[in-house]
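Novice: Provided below are the primary sequence and the corresponding predicted coordinates.
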Amino acid sequence: MDTRFARRMGCMQPSSIGEILRAAENPQIISFAGGLPAAELFPVAEVAAAVQRTLAEIGPRALQYGVTEGIKPLREWIAAEMGLRGAACGADEVLVTTGSQQSLDLLGKIFLDPGDLIITENPTYLAAIQAFQAYEARFLAADTDEDGIIPESVEELAGKHEARFLYVIPNFQNPTGRTLSAARRKALYEVAARRGLIVVEDDPYGKLRYRGEHIAPLKSLDREGLVIYLSTFSKIVAPGFRTGWMVASKAVRERIVAAKAAADLHTSSLDQLVLERYLRDYDNAKHVEKVRSAYGERYGIMDGELAKAMPEGYRWTRPDGGMFLWVTGPEGLDSLELLKSALARQIVFVPGRDFFPDGSGAECMRLNFSNSKPELIREGVKRLAALCSDLP
Ligand SMILES: Cc1ncc(COP(=O)(O)O)c(C=O)c1O
């Protein structure tokens with residue numbers, strides 16, 4: 001039977017990443033591909049205790065429907081966390097979401113009509129491109145350099161086109177690992193304020209800094225209520241909770257609540273209650289410290305091994321935090337082709353092209369270092385470097 005799907009499905013092409021992740025499930029393969037946190041660091045015993053206490057103390061209410069905005073005590077914890085990040089807000093300004101990925105989808109739902117334009121970094125987070133493409137958006141790729149997105153480039157694009165919003169990942173960006181400097185944040189915010197441009201600030205990695213000083217989010221500069229701030233528990237506790245948050249103006253929150261109610265009514269009551277209980281009973285800052293130090297060590301090993309083994313013509317970013325670094329190979333390199341030979345040598349990464357809304361980036365690749373133990377990073381980089389050295 002010839003099944004007819006909605007027109008928007010034509011904008012949702014399968015990416016190479018799905019295939020790779022399936023292949024990477026084979027335990028023989030060393031994967032620098034996925035964006036997975038280190039599972040061996042998850043606070044399993046603490047979460048088990050939080051589940052027990054939640055069910056023992058709250059009983060059936062923990063399994064009941066809840067409000068779309070999210071449970072109040074969790075929103076209070078998030079509001080306090082926002083203060084620590086430099087962008088204090090009230091619990092009423094926070095919405096709990098089913099991961100930041102849901103925020104991206106809901107923002108698409110409330111802002112985008114077919115053909116609408118979004119300004120993004122070039123490259124940017126692959127699954128954000130996919131979420132916005134589902135609403136038939138088109139992309140304006142702003143220029144980036146070592147310090148992140150270039151405000152002048154955003155200003156030029158915003159002057160020429162009517163963009164619905166700017167989407168930016170200021171800390172340890174996915175995929176490049178780059179961080180937007182404090183000066184750039186100020187300049188970027190001024191561009192947004194001058195142009196009345198909404199800014200979607202996606203910050204899953206800001207707490208995973210293993211070098212240098214914390215930089216306050218764009219949200220901290222937000223006099224006009226233009227910034228929609230997104231973050232998540234995925235990288236600071238565990239992604240299985242599928243719990244994230246959004247801080248936004250009242251007008252945006254009201255639309256998001258309506259859109260979220262239609263999508264899933266609310267984020268899982270049990271997940272929210274267990275998470276809140278865990279955060280109340282344990283010092284999560286200590287847990288984050290452990291994660292940061294492990295990722296810092298793994299980054300150092302990957303960087304050092306690349307420096308020892310990669311042939312001439314390859315360079316890579318040196319992130320101060322997060323989970324990825326970004327390798328740029330010599331002109332003419334096709335990293336998707338390279339991946340096919342890499343699979344045969346049991347090492348995988350994500351080829352660069354999928355992260356570029358403008359289709360460039362064939363010579364680039366994203367390497368994840370959070371999800372491989374040191375000995376596997378050493379072996380994986382050796383295999384990758386040998387492969388690159390063998391290229392004609
Ligand atoms: C930049 C960025 N935004 C959003 C997400 C989605 O995170 P969540 O697990 O909260 O849905 C990710 C996940 O890797 C990400 O890298």
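Specialist: Cool, the structure landed.
Novice: which parts of the stretch 101-250 of the chain sit against the ligand?
Specialist: Residues of the stretch 101-250 of the chain found near the ligand (CB under 6 Å from any ligand atom) are 101, 125, 169, 174, 202, 204, 232, 234, 239, 244. Quick note: C-beta positions are derived from backbone N, CA and C, even for glycine.
Novice: just give me the neighbour total for the fifth one.
Specialist: As a burial measure, the neighbour count of Asp202 was computed by other CB atoms under 10 Å and equals 25.
Novice: where's it relative to Asn122, distance?
Specialist: 15 Å (CB to CB, to the nearest Å).
Novice: just to revisit the earlier point, secondary structure added to the residues of the stretch 101-250 of the chain next to the ligand, as CSV?
Specialist: As requested, these are exported to CSV (DSSP: H, G, I helix; E, B strand; the rest coil):
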residue, secondary structure
Gln101, helix
Tyr125, coil
Ile169, coil
Asn174, coil
Asp202, strand
Pro204, coil
Thr232, strand
Ser234, coil
Pro239, helix
Gly244, strand
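Novice: show me the two of those that sit farthest apart.
Specialist: Longest distance between any two of those is 16.6 Å, between Ile169 and Pro239; criterion CB to CB.
Novice: what about those two, which has more around it?
Specialist: More crowded of Ile169 and Pro239, by other CB under 10 Å: Ile169, with 28 against 19.
Novice: measure the closest residue to that one other than its chain neighbours to Leu126 for me?
Specialist: Using CB to CB, 6 or more residues apart in numbering and skipping the chain neighbours, the partner closest in space to Ile169 is Asp202 (4.8 Å). Distance, Asp202 to Leu126, using CB to CB: 13 Å.
Novice: now do Val257
Specialist: Distance of Val257 to Leu126, computed by CB to CB: 27 Å.
Novice: try Ala87
Specialist: Separation of Ala87 from Leu126 (CB to CB) stands at 26 Å.
Novice: now the nearest residue to Glu162 once chain neighbours are set aside: phi and psi?
Specialist: Spatial nearest neighbour of Glu162, chain neighbours left out: Leu117 (6.8 Å); criterion: CB to CB, 6+ apart. Per-residue torsions, Leu117: phi -110, psi 140 (degrees, to the nearest 10).
Novice: what does Ala163 give?
Specialist: Dihedral angles (degrees, to the nearest 10) for Ala163: phi -90, psi 150.
Novice: fine by me, thanks again.
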